[in-house]
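> Generate coordinates for the sequence data below:
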Amino acid sequence: MNQTSHEHTRPLDPCADYEFDLVEQSEGAVAPELAARLQQHLAQCARCRAYATALLELDDELADALPRPALSPGFDDRLAARIAGLQRSPDRTGALAAAEREHAALLHALGRGVGWRTWLNAAALGSVAGSVVLALDSFAPQLLQAYGLVPAGFSASTTFATVLGVAAVACGLAFSRRLAAGAQAL
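As a prediction, this is how the structure comes out:
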């Protein structure tokens, strides 16, 4: 019993190389470059012609057996109303009110003042600066006096405090200009 591949297939089985293409053709989705080759094969192959015919008959039977969907009453009126609503211009009053609420919220947030992180940064900076001043105060006045940088009528400590104050004001001005220019703080 030597059977070829054609002898043990069912009568409606198409050629394996064309089965997927025949299904696509029945759905109307066969690629144009494949359509001519498929038509040429169908002209020569009775099995594939029978399969293609069976697919079309199955589609017809299903179309007859399944209920046809119906539109609900008033569908046309509701659709026309939705389309008309899409063609209207947006509500400018509502958009303006939303923008004003957002602006007021931003102003309120800015008016709350300095946040806790800023206070912590300021306290940390003050601690570091105070430690540096205390450390410098122990030997800086003597250094100023040794180099002859203490003016007449001033003590070395007063001269050091004045120089430190001028440096702090200069740093503060530079920092405030930097913030005004848009740079981030600490």
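> Could you list the low-confidence segments of this protein?
1-12, 88-90, 111-116, 118-119, 175-186 (pLDDT under 70).
> now the helices for this protein?
19-26, 32-44, 46-65, 75-87, 92-111, 116-146, 156-180 (DSSP state H).
> okay if I get the ones you listed as TSV plus mean neighbour count and distance to D13?
Glycine gets a C-beta too; all of them are placed from N, C-alpha and C. Shown next, in TSV, are the helices of the chain (neighbours: other CB atoms under 10 Å; distance: least, CB to CB, whole Å):
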stretch	mean neighbour count	distance to D13
helix 19-26	16	8
helix 32-44	12	15
helix 46-65	13	7
helix 75-87	9	45
helix 92-111	9	64
helix 116-146	12	76
helix 156-180	12	81
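> which phi and psi does P67 have?
Per-residue torsions, P67: phi -70, psi 150 (degrees, to the nearest 10).
> and it, how many residues sit next to it?
Counted with other CB atoms under 10 Å, the neighbours of P67 add up to 5.
> What of the one 5 residues further on?
Burial of S72 is recorded as 7 neighbouring residues (other CB under 10 Å).
> In contact with it, which residues?
By CB atoms under 8 Å, 6 or more residues apart in numbering, no residues touch S72.
> any idea how far the most centrally placed residue in the chain lies from A95?
What sits nearest the mean C-alpha location of the chain, by CA atoms, centre = their mean, is E102, with 21.7 Å. Here E102 is placed at a distance of 11 Å from A95 (CB to CB, to the nearest Å).
> swap in A123?
44 Å.
> And E27, by the same measure?
From E27 over to A95 (counting by CB to CB), the distance is 47 Å.
> Please apply the same query to Y51.
From Y51 to A95 the distance is 61 Å (CB to CB).
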